[in-house]
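**Student:** give the three-dimensional model of this entry:
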Amino acid sequence: MDDLFWLDDAQMERLAPFFPKSRGRARVDDRRVLSGIVFVNRNGLRWRDAPAAYGPPKTLYNRWVRWSRMGVFARMLVTLADADGDISTVMIDATHLKAHRTASSLHRQKGGGSRLIGRTKGGLNSKLHAVTDARGRPIRLFLTAGQTSDYIGARALLSSIPGAGTLLADRGYDADWFRDALNARGTTPCIPSRKARKVAIPHDKALYRQRHRIENTFGRLKDWRRIATRYDRCPDLFLSACSLAAVTLFWS
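**Tutor:** Alright, predicted model coming up:
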């Protein structure tokens, strides 16, 4: 029992406003169910293997799927980050997450949707693109297939990046269109030039060293076993797991 995870009162107070209102019969205890959802995702368990203290596994799974598809966990992350994020400086980067064989079917889902799993030199995987605040806390997440370029993630996240003074990124984001878009928003890019550039664009090397914070964030997210290895076939469920981990680790 001592090894189980339980959300404390302060965390529940912050997260409760995002819970959908129950209709009809009263909903099963939110603390117990949400704590069980966190435990399963953090430890990489099958839902059927959830400890009995969290209640019936079917209740955990059904709540997880329903709230994920309602966007509850994504709203938690965005709203809490917008309220408390330090956006004097933001960072952008991406990391690969291996797909388990249970999730790695490349066939399209019903309705034509993609599983967002692709093939790279490292095998079948997905790519998590993240924007973090100055302290390395995630404020925006975006999921693509593993072979997708960093440019695509940057383009998708650009409109949602807060109006920061500076953006830190590695040289994989060194593109004229991205620099121009940031400058137009009043954000100074701190990005090393690609080696192929004929004339290197200078950047603040001392400031750039702070970029290790987003790398540390990816490391902490990958401590959650259902994130380090993708078991979910549905991309909305997997991205919800990433959002829930970010909320629990950094924002709740």
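**Student:** care to break this structure down by domain?
**Tutor:** 9-70, 75-251 (automatic domain parsing).
**Student:** verify the stated contact: residue 207 with residue 169.
**Tutor:** No - Residue 207 lies out of contact with residue 169 (C-beta atoms under 8 Å); the separation is 11.9 Å. The way it works is simple: take the backbone N, C-alpha and C, and place the C-beta from them, glycine included.
**Student:** shared neighbours, these two?
**Tutor:** Taking C-beta atoms under 8 Å, 6 or more residues apart in numbering as the contact rule, residue 207 and residue 169 both touch residue 190.
**Student:** those two: which is more packed in?
**Tutor:** More neighbours surround residue 169 than the other of residue 207 and residue 169, with 26 against 13 (other C-beta atoms under 10 Å).
**Student:** quick revisit: comparing the domains of the chain, which comes out most buried?
**Tutor:** domain 75-251 (a mean of 18; mean count of other C-beta atoms under 10 Å).
**Student:** got the end-to-end distance for that domain?
**Tutor:** Taking C-alpha to C-alpha, to the nearest Å, domain 75-251 runs 12 Å from one end to the other.
**Student:** with stretch 121-137 instead?
**Tutor:** From its first residue to its last, stretch 121-137 covers 29 Å (C-alpha to C-alpha).
**Student:** begin at 561, not 1, for the rest of this chat.
**Tutor:** Got it, the first residue is 561 from now on, which makes the last one we talked about stretch 681-697.
**Student:** and the end-to-end length of stretch 597-612?
**Tutor:** OK, stretch 597-612 end separation, C-alpha to C-alpha: 13 Å.
**Student:** rewinding a little: compare the domains of the chain and give me the one nearest residue 563.
**Tutor:** Between residue 563 and these, the tightest spacing by C-beta to C-beta is seen for domain 569-630, at 8.8 Å.
**Student:** average pLDDT for that closest one?
**Tutor:** Averaged over domain 569-630, pLDDT sits at 94.
**Student:** in TSV, list the domains of the chain along with distance to residue 563.
**Tutor:** Below are the domains of the chain laid out as TSV (distance: least, C-beta to C-beta, whole Å):
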stretch	distance to residue 563
domain 569-630	9
domain 635-811	15
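**Student:** next up, the contacts around residue 564.
**Tutor:** Contacts of residue 564 by C-beta under 8 Å, 6+ apart are 595, 599, 611, 613, 614.
**Student:** let's go with 10 Å and repeat that
**Tutor:** For residue 564, the contact set (C-beta atoms under 10 Å, 6 or more residues apart in numbering) comprises 595, 596, 599, 610, 611, 613, 614.
**Student:** next one: residue 617
**Tutor:** Residues counted as contacts of residue 617 (C-beta under 10 Å, 6+ apart) are 596, 600, 605, 606, 607, 608, 609, 610, 611.
**Student:** in helices, which of these appear?
**Tutor:** Among the contacts of residue 617, the members found in helices (DSSP state H) are 596, 600.
**Student:** beyond the helix or strand of the chain with the lowest mean pLDDT, next helix or strand please.
**Tutor:** Within the chain, no helix or strand scores below strand 678-680, which has a mean of 88 by mean pLDDT, DSSP states H and E. Reading on from strand 678-680 to the C-terminus, the next helix or strand found by DSSP states H and E is strand 683-692.
**Student:** all set now, cheers.
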